[in-house]
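[1] Just the structure for this:
(chains A and B)
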Number of protein chains: 2
Amino acid sequence: MGCSSCFWGILKATFYPSPKCRILLSMHLTLAHVAPRTRDEFDAAIRRYLARCSPFVTTDAQLFKSEEALLTWIDRQHGRTPVIPVLLDSRGRQMTSGVFADWLGARRNEGAQNIVFAIGPADGWSAPTRERAQLLLSLGPFTLAHTLARLVMAEQLYRAVTILSGHPYHSGH
Amino acid sequence: MGCSSCFWGILKATFYPSPKCRILLSMHLTLAHVAPRTRDEFDAAIRRYLARCSPFVTTDAQLFKSEEALLTWIDRQHGRTPVIPVLLDSRGRQMTSGVFADWLGARRNEGAQNIVFAIGPADGWSAPTRERAQLLLSLGPFTLAHTLARLVMAEQLYRAVTILSGHPYHSGH
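    You can find the predicted model right below:
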C-alpha cells in the first residue's frame, strides 16, 4: 500500500491518504510560539507547511504573548484532551527527521491526541516552564532566528507525518 | 569600540561598521546551490540575509545546474583568487553558530578572500566532489528541504559576520 514516488503517487497520497495515513488523523498538532508581536516574516510559508499536513493530521498555529499565557492555554486544553508539551530548547534532545517521526509515531500509538510544539521567547524558557515539557527538542547546534526556528519546525512536522504515512516527501530529498 | 545593544548602537553598527567590522570586507562569501530549476520559494528572504551582510563582507548567490558546473566555476575562480569550497553535507561537521563564526574568523585571519558555501543536489554530493571540500558542514541532524537549507545557511552567514564584528544580532536572540 506504499505510495509510489511518481507524480500520480504523490498526488494520490496527498488527496487520498492510504489507510495507514488515516490512522494519524486522530492526532492534533499545534505549532505555538511565544513572541511579543504578531508580525512574522515566514508566517505564510509556515501556514503552508501546516496546511500540507492536513491529509494526515489536523494542525493549527498559536501565538502567545508570554510563557504564562502558553501555560494557561495548555491547562485549559488539558480539561478537554491531555496535551503533550514539546518545548524547543537549545539544550534539548537532537534527533534526525527519521527518529523524530518515530517519536511522533510512538505518541500516536500510545493514543496521544494533542501535541504542542512550542518555540520560546528570545531569552529562552524559564526553569518552571521547562519542567512542564514532556520533551525538550533541539533543532540542532546552530542558533536560529525565532521565525526561522518556527519555519524549520513546521517543515519537520510535515516531514514527520509524511514519513509515518509512507508519503515520498522525505525520500525525495 | 564594541557596538552597544541599544537601537542607535544597532543602527550605527549596521551603517557605520567599526574598524573591527571593516577587517571583514576583504572576504567574499558565495552561497551556491545545485538545483535543476531557478524558482526558489525563499529566494527573496535569502537575498535579504545576504544583503544584510553587506556592511561586513561582500556576498553573492549562485545557482548551478550540476555539480560539474559548480566545479568548473570554482576552477575558473581559482585563476583569480583561491576559493575555499565548503560543502553542506548531512555527514559533515556540526557546529554551533559561535564555533562557525570562529571558523570563518580563522579563515579571515589566514587571508582567505573567497569562500563558497554550496548546497548540493537532492541526492547528495558525489564522492569526487566531496573530496574537493575544505570543510563538510552539516546544518544539524534534521533533514531540511533544499530551499530551507539555503535559507538557514544564509542566516548563519549573516549571524557569523555579525558575531565577528561585534554586532548585537546574535546576542539579541
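[2] so where do the strands sit in chain A?
    For chain A, the strands defined by DSSP state E cover A:28-34, A:58-64, A:83-94, A:114-119, A:135-138.
[3] Give me every residue in chain A lying close to chain B.
    With the criterion set to Cβ under 8 Å from any Cβ of the partner chain, chain A comes near chain B through A:41-42, A:45, A:94-97, A:99-100, A:122, A:139-146, A:148, A:151-152, A:155-156, A:159, A:170, A:172-173. Glycine gets a C-beta too; all of them are placed from N, C-alpha and C.
[4] Any of those buried? List them.
    Neighbour counting by 16 or more other Cβ atoms under 10 Å in any protein chain shown classes A:42, A:45, A:94-95, A:97, A:100, A:139-146, A:148, A:151-152, A:155-156, A:159, A:170, A:173 among those as buried.
[5] re earlier: can I get the strands of chain A in CSV with mean pLDDT and distance to A:A51?
    CSV is the format used below for the strands of chain A (pLDDT from 0 to 100; distance: least, Cβ to Cβ, whole Å):
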stretch, mean pLDDT, distance to A:A51
strand A:28-34, 97, 12
strand A:58-64, 96, 8
strand A:83-94, 96, 21
strand A:114-119, 97, 16
strand A:135-138, 98, 22
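[6] Chain neighbours aside, what residue packs nearest to the residue in chain A that chain B sits nearest to?
    Using Cβ to the nearest Cβ, A:G140 is the residue of chain A that sits closest to chain B, at 2.2 Å. Closest residue to A:G140 apart from its sequence neighbours, by Cβ to Cβ, 6 or more residues apart in numbering or on different chains: B:G140 at 2.2 Å.
[7] before we move on, the earlier item: with distance to B:G111 as extra columns, can I get the strands of chain A in a markdown table?
    Below are the strands of chain A laid out as a markdown table (distance: least, Cβ to Cβ, whole Å):
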| stretch | distance to B:G111 |
| --- | --- |
| strand A:28-34 | 42 |
| strand A:58-64 | 47 |
| strand A:83-94 | 33 |
| strand A:114-119 | 40 |
| strand A:135-138 | 35 |
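[8] Which one of those strands lies nearest to B:T59?
    strand A:83-94 (26.4 Å; Cβ to Cβ).
[9] Could you name the helices and strands sitting against the closest one?
    helix A:67-78, strand A:114-119, helix A:127-132, strand A:135-138 (3 or more Cβ pairs under 8 Å, 6 or more residues apart in numbering or on different chains; DSSP states H and E).
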